[in-house]
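> fold the following, please.
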Amino acid sequence: MDKKVLITSALPYANGPLHFGHLAGAYLPADILTRHNRLLGKKVIHISGSDEHGVAIMLNANKVKKDYKSYVDEWHAKHKETFSKYKIEFDFFGQTSAKYHEEEVKKWFKNLFDAGMVGTKENQQLFCNDCKNHLPDRFVQGTCYECGYLDARGDECPNCGILIDAPKLKNPVCQMCGSHNIKEVTVSQYYLLLSKYHQQFRNWFSGKSWWKKTVYPYVDSLTKEGLVDRAISRDLDWGIDVPLSEAKGKKLYVWFDAPIGYVSNTKEYLKSINSEEDYIIDWWKNSDTEIINFIGKDNIIFHAIIFPVMSMASGIVNPASNVPANQYLNLAGKQFSKSSGHYVDADKAIEDFGADALRYYLISLIPESSDSSFTWENFQAKVNNELANNIGNLINRCLMFLKKNWSDGIDEKYFAGFATSEYGQSVQKKILEHKALLSDYQIKKAMEVVMTIGHDANNYFSEQAPWAQFKEDKEIAAKTLAYSSQYILILGVMLSPYLPDLSRNILDFFSDCLTVDFQKEIYLGKIEILEKVFANGLMIKTQPKALVPKIEDSIIKSLVEELKGQSF
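This next block holds a predicted model:
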């Protein structure tokens with residue numbers, strides 16, 4: 001049976017706009033690997049959706065005086081629109097507030113409860129004496145007891161990354177009314193008894209030492225001695241009810257229900273396309289399915305520890321095959337923060353510069369092994385010096401010259417021999433190198449290999465100087481243009497996972513001779529197929545134009561000044 005690939009992207013929280021850090025950390029990598037695996041001929045599903053429960057959503061919905069459902073629906077629609085602008089495609093982008101998701105979550109809870117993995121415990125919780133609200137997680141804020149960070153949340157510290165035990169916070173403040181008049185109370189909650197599954201988890205995890213160096217050692221250090229039980233219920237009025245008669249008034253907490261969204265959304269996707277496949281048997285619990293969870297580093301604990309335990313202990317699905325978490329993308333050396341003004345509007349940026357330019361730069365910044373930083377100056381340099389000069393200029397020069405001097409097309413005989421030439425052999429080697437790198441999630445290095453093909457094509461075109469050859473021997477010039485055209489076609493194919501718009505615009509010049517099957521063969525490195533592609537020669541029917549516009553200094557200067565002028 002052919003391998004299937006089930007790719008999930010972290011469910012974006014329906015509580016604010018997406019920024020470049022989100023896009024580069026999880027969604028662009030997932031989109032690229034989805035397109036890559038489809039070109040390899042694999043059956044792929046890419047699943048995501050909005051994470052729509054939790055205290056932060058309740059707080060902000062109350063602030064803007066909207067009911068919770070309307071609030072999350074609005075952000076769900078905005079996120080879908082942003083993803084569409086950046087050409088990030090999902091087979092299904094669902095919602096955790098949907099009824100189908102609630103049904104799946106309750107099934108998981110029941111399986112875990114019946115397996116003895118859920119129990120009740122009394123714990124200490126903060127309570128506001130002024131507004132009379134329990135203060136779980138983000139309902140409270142204070143000073144981190146580990147690192148001293150002043151704005152630690154009740155669930156985790158954004159500075160040192162530890163999971164916070166809210167009653168231990170120093171100087172706690174109620175986020176509902178701003179009061180410091182807070183006391184500890186004893187409450188009973190339902191817990192996922194992770195500690196009972198420690199050995200089974202370690203047996204499974206020990207086979208994952210090949211995972212990213214930023215993931216495996218971190219998870220290994222956290223889980224060597226044991227797993228910590230985690231509360232999965234809260235006293236809230238927004239969320240999925242704990243499905244037990246004795247649990248009246250309690251909701252399943254967001255971190256428990258959100259990852260199950262990958263599974264419920266897969267089910268809903270197959271239903272939406274009238275598929276005969278079963279979401280569990282054919283996908284989630286199929287030994288031939290590779291399950292890849294793309295996330296940021298702030299989600300490692302949930303996706304590499306808790307969700308695998310939930311998956312195995314419930315018996316419902318297989319745990320993830322890989323969790324290629326990325327680090328943080330910062331803005332000019334500091335974390336993105338809309339509240340402090342250190343922020344770039346991703347939707348406005350795409351209107352100003354288009355998907356090709358922004359995707360290209362963001363891909364070059366994917367924080368695969370360490371944090372990286374977005375700057376407008378580097379954005380301009382990357383786009384102008386590499387994408388415009390290396391790719392756009394080559395295509396424009398070559399195809400304009402071809403159309404001008406061979407308006408009726410170039411005969412097929414001039415295309416022969418490229419695949420076996422030193423040029424073709426070099427390209428083939430790089431295509432195979434690219435495949436290996438991208439299959440190993442080394443996205444930045446893989447794209448760099450594609451760009452070296454563009455560099456080689458530029459060198460070939462310049463060294464052969466067809467404008468000079470044309471004056472001496474038109475046939476020699478024809479061969480140069482035929483070889484250069486094959487370089488360009490290959491570039492169009494190889495750019496398709498990264499820059500789908502630019503790829504399509506390049507391949508449109510070859511639409512009369514390039515089929516989907518030919519494209520997949522080229523992507524696999526079988527460039528001998530080029531002789532079939534150009535079996536009838538090549539005629540450029542549309543007037544070539546600049547496919548990658550350069551970015552003007554004045555625009556960048558304005559954006560840099562705008563960023564400097566923002567408050568911190």
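> is it true that residue 443 touches residue 368?
Yes - proximity of residue 443 to residue 368 meets the contact threshold set by Cβ atoms under 8 Å, at 6.9 Å. From N, CA and C alone the C-beta is placed, and that goes for glycine too.
> looking at these two, which has the bigger crowd around it?
A count of neighbours by other Cβ atoms under 10 Å puts residue 443 above the other of residue 443 and residue 368, at 24 against 21.
> kindly provide the distance from the more buried one to residue 415.
32 Å (Cβ to Cβ, to the nearest Å).
> please apply the same query to residue 49.
For residue 49 relative to residue 415 (Cβ to Cβ), the value is 46 Å.
> residue 244 too?
Counting by Cβ to Cβ, the gap from residue 244 to residue 415 is 70 Å.
> more crowded one of those two?
Set side by side, residue 244 and residue 415 show more neighbours around residue 415, with 24 against 15, by other Cβ under 10 Å.
> residue contacts, the closest residue to the more buried one other than its chain neighbours?
Closest residue to residue 415 apart from its sequence neighbours, by Cβ to Cβ, 6 or more residues apart in numbering: residue 534 at 3.9 Å. Contacts for residue 534 (Cβ atoms under 8 Å, 6 or more residues apart in numbering) come out as 412, 415, 482, 485-486, 513.
> and residue 534, how close does it get to residue 353?
According to Cβ to Cβ, residue 534 stands 34 Å off from residue 353.
> ok, now residue 42?
According to Cβ to Cβ, residue 42 stands 32 Å off from residue 353.
> between these two, who's got more neighbours?
Counted by other Cβ under 10 Å, residue 42 and residue 353 do not tie: residue 353 has more neighbours, with 17 against 14.
> ok, the more buried one to residue 562 distance?
Residue 353 sits 15 Å away from residue 562, going by Cβ to Cβ.
> now swap in residue 9 and tell me
According to Cβ to Cβ, residue 9 and residue 562 sit 30 Å apart.
> tell me which of these two has more neighbours.
The neighbour comparison of residue 9 against residue 562 (other Cβ under 10 Å) goes to residue 9, with 27 against 11.
> hmm, residue 23 and that one touching each other?
No - look at residue 9 against residue 23 with Cβ under 8 Å: they stay out of range, at 10.3 Å.
> next, the contact list for residue 336, please.
Each residue near residue 336 by Cβ under 8 Å, 6+ apart is listed here: 19-21, 329-330, 342-344.
> how about these in a markdown table, adding distance to residue 449 and pLDDT?
Below are these laid out as a markdown table (distance: Cβ to Cβ, whole Å; pLDDT from 0 to 100):
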| residue | distance to residue 449 | pLDDT |
| --- | --- | --- |
| 19 | 28 | 93 |
| 20 | 24 | 94 |
| 21 | 25 | 92 |
| 329 | 22 | 94 |
| 330 | 26 | 93 |
| 342 | 34 | 81 |
| 343 | 33 | 81 |
| 344 | 29 | 89 |
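> and those residues, which is closest to residue 461?
Of all the contacts of residue 336, residue 461 sits closest to residue 20, with 33.9 Å by Cβ to Cβ.
> check the residue nearest to residue 415 and give its pLDDT.
If you check residue 534, the pLDDT there is 97.
> please name the nearest non-neighbouring residue to residue 384.
Nearest residue to residue 384 in three dimensions, chain neighbours excluded: residue 550, at 4.9 Å (Cβ to Cβ, 6+ apart).
> I'd say that neighbour and residue 385 touch.
No - using Cβ under 8 Å, residue 550 is not in contact with residue 385, being 9.5 Å away.
> more crowded one of the two?
Neighbour count, other Cβ under 10 Å: between residue 550 and residue 385, residue 550 has more, with 16 against 11.
> list the contacts of that one.
383-384, 388.
> ok, and the most crowded of these?
That'd be residue 383 among those, by other Cβ under 10 Å, with 24 neighbours.
> count the residues that sit near the closest residue to it other than its chain neighbours.
Distances taken as Cβ to Cβ, 6+ apart place residue 357 nearest to residue 383, at 4.7 Å, with adjacent residues excluded. Residues near residue 357, counting by other Cβ under 10 Å, number 25.
> now do residue 357 against residue 389, distance only.
Going from residue 357 to residue 389 by Cβ to Cβ gives 13 Å.
> repeat for residue 44
Per Cβ to Cβ, residue 44 is found 33 Å from residue 389.
> among those two, which residue is more densely surrounded?
Neighbours were counted for residue 44 and for residue 389 using other Cβ under 10 Å; residue 44 has more, 21 against 15.
> the more buried one belongs to a strand, doesn't it?
Yes - assignment of residue 44 by DSSP: H, G, I helix; E, B strand; the rest coil places it within a strand.
> list the contacts for it?
4-7, 34, 37-38.
> next, format those residues as CSV and append pLDDT, neighbour count and secondary structure.
Shown next, in CSV, are these (pLDDT from 0 to 100; neighbours: other Cβ atoms under 10 Å; DSSP: H, G, I helix; E, B strand; the rest coil):
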residue, pLDDT, neighbour count, secondary structure
4, 97, 18, strand
5, 98, 21, strand
6, 98, 26, strand
7, 98, 23, strand
34, 98, 25, helix
37, 97, 22, helix
38, 97, 17, helix
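> dump those residues into a markdown table; add distance to residue 191 as well.
Putting these into a markdown table (distance: Cβ to Cβ, whole Å) gives the following:
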| residue | distance to residue 191 |
| --- | --- |
| 4 | 34 |
| 5 | 34 |
| 6 | 29 |
| 7 | 31 |
| 34 | 36 |
| 37 | 38 |
| 38 | 41 |
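> returning to that earlier point: just the buried residues from the contacts of residue 534, in PyMOL please.
In PyMOL, this line selects whichever of those come out buried by 16 or more other Cβ atoms under 10 Å:
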select buried, resi 412+415+482+485+486+513
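> what about residue 203, neighbour count?
For residue 203, the neighbour count with other Cβ under 10 Å is 10.
> for the helix or strand containing it, give the mean pLDDT please.
Using DSSP states H and E, residue 203 sits within helix 198-205. Taken as a whole, helix 198-205 has a mean pLDDT of 98.
> then stretch 405-425?
Stretch 405-425 shows a mean pLDDT of 96.
> any idea how far that stretch is from the chain center?
Using Cα atoms, centre = their mean, to the nearest Å, the mean C-alpha position of stretch 405-425 is found 38 Å from that of the whole chain.
> any idea of the pLDDT on the nearest residue to residue 161 once chain neighbours are set aside?
Nearest non-adjacent residue to residue 161, counting by Cβ to Cβ, 6+ apart: residue 298, 7.3 Å away. Per-residue pLDDT puts residue 298 at 90.
> okay but residue 298 is in contact with residue 159, surely?
No - if you go by Cβ under 8 Å, residue 298 and residue 159 don't touch, sitting 11.8 Å apart.
> show me where the chain dips below the pLDDT cut-off.
For the chain, the stretches with pLDDT under 70 are 1-2, 338-340, 566-568.
> thinking again about what came up before, separation between the residue nearest to residue 384 and residue 248?
Taken as Cβ to Cβ, the span from residue 550 to residue 248 is 64 Å.
> enumerate every residue touching the closest residue to residue 388 other than its chain neighbours.
Spatial nearest neighbour of residue 388, excluding adjacent residues (Cβ to Cβ, 6+ apart): residue 548 at 4.3 Å. When contacts are counted by Cβ under 8 Å, 6+ apart, residue 548 touches 356-357, 383, 387-388, 391-392, 502.
> please apply the same query to residue 9.
26-27, 30-31, 46-48, 90, 294.
> show me where the stretch 301-450 of the chain has its helices.
All helices of the stretch 301-450 of the chain, identified by DSSP state H, counting those that start in this stretch, fall at 307-314, 346-364, 376-382, 393-405, 422-439, 443-464.
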